[in-house]
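Asker: sequence first, then the predicted structure, then my questions.
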Amino acid sequence: MSAGLNLAQLDAVNHLAGPSLVLAGAGSGKTRVITHKIARLIQAGLAADRIAAITFTNKAAAEMRERAGQLVGRDARKVLICTFHALGVRLLREDGQVLGLKPQFSILDTDDITSLLKDCGGTTDANTARAWQWTISAWKGAGMSAADAIRQAKDESERQTAAIMARYEERLTAYQSVDFDDLIRLPLKLLGEHAEVREKWQKKLGHVLVDEYQDTNATQYELLKLLVGERARFTAVGDDDQSIYGWRGATLDNLKKLPIDFPQLRVIKLEQNYRSTSAILRAANNVIGPNPKLFPKTLWSDLGEGEPVRVVAADNEEHEAERAVARLQSLRASSPHKEWRDFAILYRANHMARSFEQALRRAQIPYKVSGGQSFFDKAEIRDLCAWLRLLVNNNDDPAFLRSATTPKRGIGHTTLGQLGTFATQYKLSLFEALFSHSLPSAVNARAITTLHEFGRAVNDLEYRARHTVGHEAARAFLTEWLKDIGYEQHLYDSEDNEKIAAARWTNVLDFCDWVAGRCGGQIADEAGAQVETERKSLLEVVQTIALISTLSEREQDQNVVTLSTLHASKGLEWPHVVLVGVNEGLLPFKTDDADSDLSAELLAQRVQEERRLMYVGITRAQRTLAVSWLKRRKKGRESVPGTPSRFIQEMALDQATVKEDPREKLRALRAEFAQRATAAPPNPA
């Protein structure tokens, strides 16, 4: 079961007794370590359903689940492998009643939150509401409530935002709804304030593994501490050199705190890289060198020296794009085995993609822009999700408003306004207000008839969805439902272009197939064979939809060049990478107005994070890496002189090549781990 693991990986896999921090350098096999450790824990006698592996994306969780399945078979299905937010949902669905949450609470999406905040703040400007949303999200990520924010407000602007947050929290409570930040904050409150729930989950989880630990924020760390308790059976896997999400709350303080909060912590470094050549790793090690080190490490590889890292100076953005495309064409022509999927162009900000898209189109090279619109962000999918959310939680007012008006059914804004005023007056949800005996005092009889028809339709759908179990039944239900509400006709009526309407209808059918497939029963596997999976009711499946950001499970591996921001590229790799726009002001990124107000310490921290971003970009490359900078670059509507980024000089490409003998490194590692390899690990149960 441990075949193919190096000595450091074996050490990480076999340490079962207490807490461990696995510092997994880029390309060092961290997912392999996590999945082998799951297998090792089961082999040592820990029940599979007492193991939790937590990561940050649905895609990473799906990959981990698949690879664990290859090692331990059917037992992998019992392991709780999920994102932090999915774990939060599990905690709140099971035990959220003590916080006043019904099991069927709704999870609001970004559009719903923006609309709510516009209402709470008395504005029609979406940008203003989004600014409030960012601030409130940051406060929640730091574990603050509205009351905390009001107490700690530094100026009038923060006091105003804190007051809006208080009204926003009241609305969430009334609607039996949460936002994504609540999926961490509320479980933390649940475990922190209710000992019986905390003890239940600590007993339930015998070992917790956390992937991408460097990306955790303050509340996620506190949640981890409450989950593992004094026994501290956990494995944190991460890399301080790849911490690039400080702007959304991730903090390296969580790495600093671990040895303090858990003195018995075992730190294990994974430094052998299985991805990149020595030339690429040397550039990466040199770049990250100036950053302060929590746990010093140096990546090394036995894949050989490889091609030198190239630095290219381009006249402007168009010239840079032309040279990048020419490089792709030249590399592909040099070998019949190279495909377009082997290439990636990486940049600091989304707006930089445009010139590369134009150059690739001119060259007739297929490409995709990573991080484009999510399937679930499409209007037609949001429409259907609103209907399904309303079936699960009748108190979800944002879902009610969207469902009642899409497709149109004679319920106008005047009627909805009157219903909303009435519901607010009597502290009811919009759906509850529908059937109030006092409603005729606020809404005319004709409108009430239409509202009642809608309410009865929702109740009927909810009843049928609750009793619709399995793939085929769910497919039939969804097909009939779309026909009943006339959704296909609605799409064609709302689009001037029939091809666009047809494409949107195809998205709807894909969505319904995907939802039905999750209801289980007899499903065809990849080989076409029929397999039996756990049957769920349609209502059970609907409860999980708000957590899923993309249909990544259904995406095919396309033979196209990838254009991606550096942030979106983390966790991915390509044989050939072109890292573009590596200029001062772009990477490291600098906004003159915002940066002028920062202290020297904060400026230094920002540059350190930008340096880690450059390090991430370099370590995406397996075989070749080219780095380009602009002699002149666009700044607003002007063209200004460009300066190569300090990171190019820090790569030290002009230094004499020092070749490290991997055999010497292996001999040193064997000596270090000789004693540990012979020690029998204690029972984890």
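Answerer: Looks like it came in fine.
Asker: ends of stretch 25-33, how far apart?
Answerer: Its first and final residues considered, stretch 25-33 spans 12 Å by CA to CA, to the nearest Å.
Asker: could I get the average pLDDT for that stretch?
Answerer: In this model, stretch 25-33 carries a mean pLDDT of 90.
Asker: pull the residues that contact it.
Answerer: The contact list for stretch 25-33 (CB atoms under 8 Å, 6 or more residues apart in numbering) reads 5-6, 9, 12-13, 22, 24, 60, 63-64, 67, 211, 237, 239, 241-242, 269-276, 284, 297, 299, 573, 615-616, 619. The way it works is simple: take the backbone N, C-alpha and C, and place the C-beta from them, glycine included.
Asker: how does it look with 6 Å?
Answerer: 9, 12, 24, 237, 239, 270-271, 273-275, 297, 299, 619 (CB atoms under 6 Å, 6 or more residues apart in numbering).
Asker: now the nearest residue to Arg466 once chain neighbours are set aside: how far from Lys634?
Answerer: Among residues not flanking Arg466 along the chain, Leu539 sits closest, at 4.7 Å (CB to CB, 6 or more residues apart in numbering). Per CB to CB, to the nearest Å, Leu539 is found 52 Å from Lys634.
Asker: ok, now Glu453?
Answerer: On the measure of CB to CB, Glu453 and Lys634 end up 56 Å apart.
Asker: Glu650 too?
Answerer: 25 Å.
Asker: which stretch of helix or strand covers the residue nearest to Arg466?
Answerer: Applying DSSP states H and E as the criterion places Leu539 in helix 538-542.
Asker: now that helix - C-alpha only, PDB.
Answerer: Only the C-alpha atoms of helix 538-542 are listed here, as PDB (Å, rounded to 0.1, in the frame of the first residue of the first chain):
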ATOM      1  CA  LEU A 538     -34.900  14.800  -5.200                       C
ATOM      2  CA  LEU A 539     -35.400  17.000  -2.200                       C
ATOM      3  CA  GLU A 540     -32.200  15.600  -0.500                       C
ATOM      4  CA  VAL A 541     -30.200  16.300  -3.700                       C
ATOM      5  CA  VAL A 542     -31.600  19.800  -4.000                       C
END
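Asker: helices or strands up against that helix?
Answerer: Other helices and strands packing on helix 538-542, by 3 or more CB pairs under 6 Å, 6 or more residues apart in numbering; DSSP states H and E, are helix 445-466.
Asker: between whichever helix or strand comes after the helix it packs on and helix 445-466, how many degrees?
Answerer: Going down the chain from helix 445-466, the next helix or strand is helix 471-485, by DSSP H and E. Using axes from the mean of the first three to the mean of the last three CA atoms, to 10 degrees, the direction of helix 471-485 lies 170 degrees away from that of helix 445-466.
Asker: packing partners of helix 471-485?
Answerer: Against helix 471-485 (3+ CB pairs under 6 Å, 6+ apart) you get helix 498-517.
Asker: list of residues touching the helix it packs on?
Answerer: With CB under 6 Å, 6+ apart, helix 498-517 has contacts from 378, 380-381, 471, 474-475, 478, 488, 491-492, 495.
Asker: average pLDDT for that helix, rounded please.
Answerer: Mean predicted confidence for helix 498-517 is 86.
Asker: got the angle between it and helix 471-485?
Answerer: Going by the same axes, to 10 degrees, helix 498-517 makes 140 degrees with helix 471-485.
Asker: buried set for helix 498-517?
Answerer: Residues of helix 498-517 classed as buried by neighbour count (16 or more other CB atoms under 10 Å): 501, 504-505, 507-508, 511-512, 514-517.
Asker: ditto for stretch 111-127
Answerer: 112-121.
Asker: packing partners for the strand or helix carrying Arg151?
Answerer: Assigned by DSSP H and E, Arg151 falls within helix 146-152. Counting contacts by 3+ CB pairs under 6 Å, 6+ apart, helix 146-152 packs against helix 156-174.
Asker: helices or strands next to the helix it packs on in the packing?
Answerer: helix 110-121, helix 126-141, helix 146-152.
Asker: between that helix and helix 110-121, how big is the angle?
Answerer: Using the same axes, to 10 degrees: helix 156-174 against helix 110-121 is 120 degrees.
Asker: buried ones in stretch 460-475?
Answerer: In stretch 460-475, the ones that count as buried by 16+ other CB under 10 Å are 461-462, 464-465, 468-471, 473-475.
Asker: isn't Asp181 up against Lys140?
Answerer: Yes - using CB atoms under 6 Å, Asp181 makes contact with Lys140 at a distance of 3.7 Å.
Asker: between those two, point out the one with more neighbours.
Answerer: Lys140 (25 against 22; other CB atoms under 10 Å).
Asker: contacting residues for the more buried one?
Answerer: So Lys140 contacts 181, 185 (CB under 6 Å, 6+ apart).
Asker: how about Leu294?
Answerer: Counting by CB under 6 Å, 6+ apart, Leu294 touches 240, 255.
Asker: which SS class is it?
Answerer: Secondary structure, DSSP: H, G, I helix; E, B strand; the rest coil: Leu294 is coil.
Asker: relative to Ser243, how far out is it?
Answerer: Distance from Leu294 to Ser243, by CB to CB: 10 Å.
Asker: repeat for Val469
Answerer: Counting by CB to CB - Val469 and Ser243 are separated by 44 Å.
Asker: same check, this time on Leu346
Answerer: Note on Leu346: its distance to Ser243, by CB to CB, is 18 Å.
Asker: more neighbours, those two?
Answerer: Neighbours per residue, other CB under 10 Å: of Leu346 and Ser243, the larger number sits with Leu346, 30 against 25.
Asker: can I assume Leu572 sits in a helix?
Answerer: No - under three-state DSSP, Leu572 sits outside any helix and is assigned coil.
Asker: tell me the phi and psi of the closest residue to it other than its chain neighbours?
Answerer: Excluding its sequence neighbours, the residue lying closest to Leu572 (CB to CB, 6+ apart) is Arg620, at 6.3 Å. Backbone torsions of Arg620, given as degrees, to the nearest 10, read phi -80, psi -20.
Asker: right, and Arg620 touches Glu573 too?
Answerer: Yes - using CB under 6 Å, Arg620 is in contact with Glu573, at 5.4 Å.
Asker: these two: who's more crowded?
Answerer: Arg620 (25 against 15).
Asker: helix, strand, or coil at the closest residue to Arg310 other than its chain neighbours?
Answerer: Counting by CB to CB, 6+ apart, Arg310 lies nearest to Ala626, which is 4.3 Å off, once chain neighbours are set aside. What three-state DSSP gives for Ala626 is strand.
Asker: relative to Ala283, how far out is Ala626?
Answerer: For Ala626, the distance to Ala283 - CB to CB - is 11 Å.
Asker: who has more neighbours out of those two?
Answerer: Ala283 (27 against 21).
Asker: returning to what we had before: out of the buried residues of helix 498-517, which is nearest to Ser106?
Answerer: Val515 (16.7 Å; CB to CB).
Asker: if you count contacts, what does the helix or strand harbouring Thr424 end up packed against?
Answerer: Secondary structure assigned from DSSP H and E places Thr424 in helix 413-425. Helices and strands touching helix 413-425, by 3+ CB pairs under 6 Å, 6+ apart, are helix 430-434.
Asker: 8 Å instead?
Answerer: helix 397-405, helix 430-434, helix 445-466 (3 or more CB pairs under 8 Å, 6 or more residues apart in numbering; DSSP states H and E).
Asker: make TSV out of those helices and add distance to Ser28 and mean pLDDT.
Answerer: Formatted as TSV, the helices and strands packed on helix 413-425 follow (distance: least, CB to CB, whole Å; pLDDT from 0 to 100):
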stretch	distance to Ser28	mean pLDDT
helix 397-405	44	85
helix 430-434	52	88
helix 445-466	46	88
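Asker: CSV for these, including distance to Val228?
Answerer: Formatted as CSV, the helices and strands packed on helix 413-425 follow (distance: least, CB to CB, whole Å):
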stretch, distance to Val228
helix 397-405, 36
helix 430-434, 40
helix 445-466, 36
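Asker: quick one, which of those gets closest to Glu638.
Answerer: helix 397-405 (42.6 Å).
Asker: quick one: low-confidence parts of the protein?
Answerer: 1-3, 247-249, 371-376, 521-533, 544-557, 591-598, 636, 655-685 (pLDDT under 70).
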